[in-house]
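Asks: this one's sequence-less:
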């Protein structure tokens with residue numbers, strides 16, 4: 001189990017074309033192990049459509065920036081489409097702390113579009129209100145969408161993240177570690193006082 005990134009044996013040809021592109025990119029992502037990723041295949045179910053309708057009737061409103069995603073999701077459910085979602089868990093491994101997931105990011109294929117955003121850490125399908133990561137939507141054939149999603153994920157997993165009293169935040173590469181903060185991801189492996197600066201990399 002977890003021998004490769006985004007493992008799943010039940011993908012159809014188009015889904016596999018999308019996932020294979022992202023998987024190939026993931027093999028070079030820093031601080032991202034196979035166990036930090038998952039490929040989810042959602043079968044068409046009437047109960048899910050009914051559940052979403054009930055949630056909407058109970059005054060639940062999706063974040064405004066994700067309205068297009070939910071509209072496309074409802075259309076996919078109505079068509080009886082399978083949906084594929086790729087999830088990457090961002091894990092805090094620094095300062096000798098026990099591994100813990102502090103953020104999930106995901107990419108979902110709906111028809112000929114991909115929707116990338118920060119996701120709920122428990123159900124993985126619902127996008128979170130935009131906080132740290134800018135959502136992305138694109139259209140095209142499966143391999144093109146795979147390249148779009150892979151580049152989006154790659155920016156995020158290459159980013160440096162620190163934590164302090166104000167919570168976690170992404171920092172520009174080359175930033176010194178501020179006082180009373182610690183590295184969460186992509187920081188120096190040894191004592192920060194010995195290596196106060198980060199290596200150049202991508203930002204989200």
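Replies: Yep, it's here. Fair warning: this is a prediction, and the values are worked out from it, not measured in the lab. Residues are numbered from 1 along each chain as shown.
Asks: What segments of the chain are helices?
Replies: Using DSSP state H, the helices of the chain run over 13-26, 46-57, 67-79, 142-158.
Asks: In terms of secondary structure, what does the third one contact?
Replies: Same thing as helix 67-79. Helix 67-79 sits against helix 46-57, strand 100-110, strand 113-119, with contacts defined as 3 or more C-beta pairs under 8 Å, 6 or more residues apart in numbering; DSSP states H and E. For the C-beta atoms, the positions are set from N, CA and C on the backbone; glycine is no exception.
Asks: Also the first one?
Replies: Contacting helix 13-26 under the criterion 3+ C-beta pairs under 8 Å, 6+ apart are the following elements: strand 37-42, strand 83-92, strand 100-110, helix 142-158.
Asks: Can you list the buried residues in that helix?
Replies: For helix 13-26, a neighbour-count test (16 or more other C-beta atoms under 10 Å) marks 14-19, 21-23, 25-26 as buried.
Asks: Return the member of the residues you listed nearest to residue 68.
Replies: Within those, the smallest distance to residue 68 is 19.1 Å, found for residue 18 (C-beta to C-beta).
Asks: Wait, that closest one touches residue 108, no?
Replies: No - using C-beta atoms under 8 Å, residue 18 is not in contact with residue 108, being 10.6 Å away.
Asks: Quickly list what's touching both of those two.
Replies: Residues within reach of residue 18 and of residue 108 at once, by C-beta atoms under 8 Å, 6 or more residues apart in numbering, are 84, 114.
Asks: Surely residue 41 touches residue 16?
Replies: No - here residue 41 lies out of contact with residue 16, judged by C-beta under 8 Å, at a distance of 11.0 Å.
Asks: Flag the shaky bits of the chain, pLDDT-wise.
Replies: By pLDDT under 70, the low-scoring segments of the chain are 1-2, 45-62, 95-99, 189-204.
Asks: can you rerun that using 80?
Replies: Residue ranges of the chain with pLDDT under 80: 1-2, 44-63, 93-99, 123, 125-126, 129-130, 173-174, 188-204.
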